[in-house]
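> Let's see this in three dimensions:
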Amino acid sequence: MLCSFSDSIKNIQDEILDELLDKHVICIEKYDEVKIQRIRAFYQEILHIFCSTHDLQELLSIYEEFAKYKMSISIPYTILSNEIFGLKNILLSKITANDHNNNANVVELLHIFREINNSIAYIYLTEYILQLISVNNIRLSSISDLIEISIIEHYESHIIWLTELALCIKNFQKEKFPQQDECKCDFGIWLNNGEAKRFIQNNSKFKTLNNLHKSLHLFAQKIYLLLSNSNEQDYKEYHALISYLEKCELISLSIGTELALIDNSMVNKVKNKDALTEALNRNGLSSIFATQYELSRATDNSFVIAMCDLDFFKNINDTYGHIAGDKMLQLFVQIVKKHIRSSDLIIRYGGEEFVIILSATKKEQCINVLEKIREDFSQSILEFDGQEIRSTVSIGVIEINPNKEYKNELLNEYLNIADQMLYLAKRNGRNKIEIL
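Numbering: from 1, shown residues only. Now for the predicted structure:
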């Protein structure tokens, strides 16, 4: 099919390009100047094609190349889709402004952009499915590598379920569709047969998991209906499949995160405690860290390690005695537990040093928690033998994104970095938080 819009837009290509870049490209944080220039070049070629007598396939080919470039720099489908619709709307406004008898051009332009969007959506969907299957294999590997497996093992069944769902979309095979009924899949059976309640005694947590699981299967049912109502040759709903599959993955990760946090709460109950402070014992740190690392890798979450050291603690022991020092350590742990979640962990590392592990947390979130701990502790008064004793704490922090296979030496690597941040906090005046 040959078409051209040169009469309407030939002399205003630069104007169209500048408007498109200003509205839909320059505002995206992921684009630096080099990427913007590359995108400009693509759109110059696309507009040149629009102004020439061309075959639709020629336009689709350049857009497919454009989509592959976008994927290579990790630009989501929604951003490219927004640009596609942005260009469509700009062209429509220019065509209608320059030619009022243009119904045929408008209809033709709408048809072209439907074909472009569908072609791009198919490319993104295919690549997304391949990436999802690969990432799910990593997630399964992380779960199998856990030193101690508790309820997180039930997340494994839904990773497999999600992979089966992705394969059905990839192969357009609704006949092999995974279980749609949320009460009949492996995870749903565990969640509803009473066994889950033994572990998840918090009703709010249980309801959250149940609602997430129902939502997950609801979107899967929407996918099934889309596959059932069309055949692959005439299919025009790839953008909807991307949206529903992304939602399924996001909800699945949320389920995994909830289970991982519940697992951590159980660790707080069953692991050996430091006799003095009731923080977790350092002897369990290695296994705790390994488990946290693999859980975070399986659920695509970062976590935070904070190394804490009470300032001038020796002075407290020397001035007021070791019993006063012990009580100050106990006070610190009490304050920490007041501000962290039941799924977060505090370990006595040695003497007046403690390690805090904040699960499923980014450094921006952790700063608020740690700042509350620092401020609360600095304002607290320990009354001992008729005297008021104060202390402060310095904290070094590192955010960990588990993007490589776990190795035993990782714990020491990360602790060393947190310790360097702690040293920086001490050097900068103490009673401070420093984060990498």
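> any chance you could map the strands in the chain?
2-3, 54-55, 280-281, 303-310, 345-350, 353-358, 382-384, 387-389, 393-400, 433-435 (DSSP state E).
> Of those, which is nearest Gly188?
If you check each of those against Gly188 by Cβ to Cβ, strand 303-310 wins as the nearest, at 28.1 Å. Any C-beta I mention is one placed from the backbone N, CA and C, and that applies to glycine too.
> Need the contact partners of the closest one.
Contacts to strand 303-310, defined as Cβ atoms under 8 Å, 6 or more residues apart in numbering, come from residues 292-293, 296, 328-329, 332, 336, 349, 352-363, 366, 370, 391-400, 414-415, 418-419, 421-422, 426.
> Quick check: closest non-adjacent residue to Glu383.
The shortest distance from Glu383 to any non-neighbouring residue, by Cβ to Cβ, 6 or more residues apart in numbering, is to Ile389 (7.7 Å).
> sorry, back to before: please tabulate the strands of the chain in JSON lines and include mean pLDDT and distance to Asp318 as additional columns.
Output for the strands of the chain, formatted as JSON lines (pLDDT from 0 to 100; distance: least, Cβ to Cβ, whole Å):
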{"stretch": "strand 2-3", "mean pLDDT": "53", "distance to Asp318": "87"}
{"stretch": "strand 54-55", "mean pLDDT": "71", "distance to Asp318": "85"}
{"stretch": "strand 280-281", "mean pLDDT": "93", "distance to Asp318": "27"}
{"stretch": "strand 303-310", "mean pLDDT": "97", "distance to Asp318": "14"}
{"stretch": "strand 345-350", "mean pLDDT": "95", "distance to Asp318": "19"}
{"stretch": "strand 353-358", "mean pLDDT": "97", "distance to Asp318": "18"}
{"stretch": "strand 382-384", "mean pLDDT": "94", "distance to Asp318": "14"}
{"stretch": "strand 387-389", "mean pLDDT": "94", "distance to Asp318": "12"}
{"stretch": "strand 393-400", "mean pLDDT": "97", "distance to Asp318": "19"}
{"stretch": "strand 433-435", "mean pLDDT": "96", "distance to Asp318": "26"}
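> Out of those, the one nearest Ala324 is which?
Ala324 sits nearest to strand 382-384 of all the strands of the chain, at 4.7 Å, using Cβ to Cβ.
> ok, the residue of the chain most remote from its centre to Ser378 distance?
Ranked by distance from the centre of the chain (Cα atoms, centre = their mean), the top residue is Gly386, with 50.9 Å. Distance of Gly386 to Ser378, computed by Cβ to Cβ, to the nearest Å: 22 Å.
> And for Ile84?
Here Ile84 is placed at a distance of 54 Å from Ser378 (Cβ to Cβ).
> More neighbours: those two, which one.
Ile84 (19 against 14; other Cβ atoms under 10 Å).
> Pull the contacting residues for the nearest residue to that one once chain neighbours are set aside.
Among residues not flanking Ile84 along the chain, Asn117 sits closest, at 5.5 Å (Cβ to Cβ, 6+ apart). Asn117 is in contact with 81, 84-85, 239, counting by Cβ under 8 Å, 6+ apart.
> Now go through those residues and say which are in helices.
81, 84-85, 239 (DSSP state H).
> From these, pick the one nearest Ser144.
Once Cβ to Cβ is applied, the member of these that ends up nearest Ser144 is His239, at 34.9 Å.
> Distance of the closest one relative to Ser93?
From His239 to Ser93 the distance is 23 Å (Cβ to Cβ).
> Of those two, which one has the most company?
When His239 and Ser93 are compared for neighbours, His239 comes out ahead with 18 against 12, by other Cβ under 10 Å.
> In this model Ser119 seems to touch the more buried one, though I could be wrong.
No: in this structure His239 lies outside contact range of Ser119 using Cβ atoms under 8 Å: 10.7 Å.
> and of the strands of the chain, who's closest to Ser215?
Closest to Ser215 of those is strand 303-310 (Cβ to Cβ; 25.0 Å).
> distance between that closest one and the chain's centre?
Relative to its chain's centre, strand 303-310 lies at 22 Å (Cα atoms, centre = their mean, to the nearest Å).
> related to what we said a few turns ago, tally up the residues packed near the residue nearest to Glu383, please.
Ile389 has 18 neighbouring residues, counting by other Cβ under 10 Å.
> wait, isn't it in contact with Met328?
Yes: Ile389 lies in contact with Met328 (Cβ under 8 Å); the separation is 6.7 Å.
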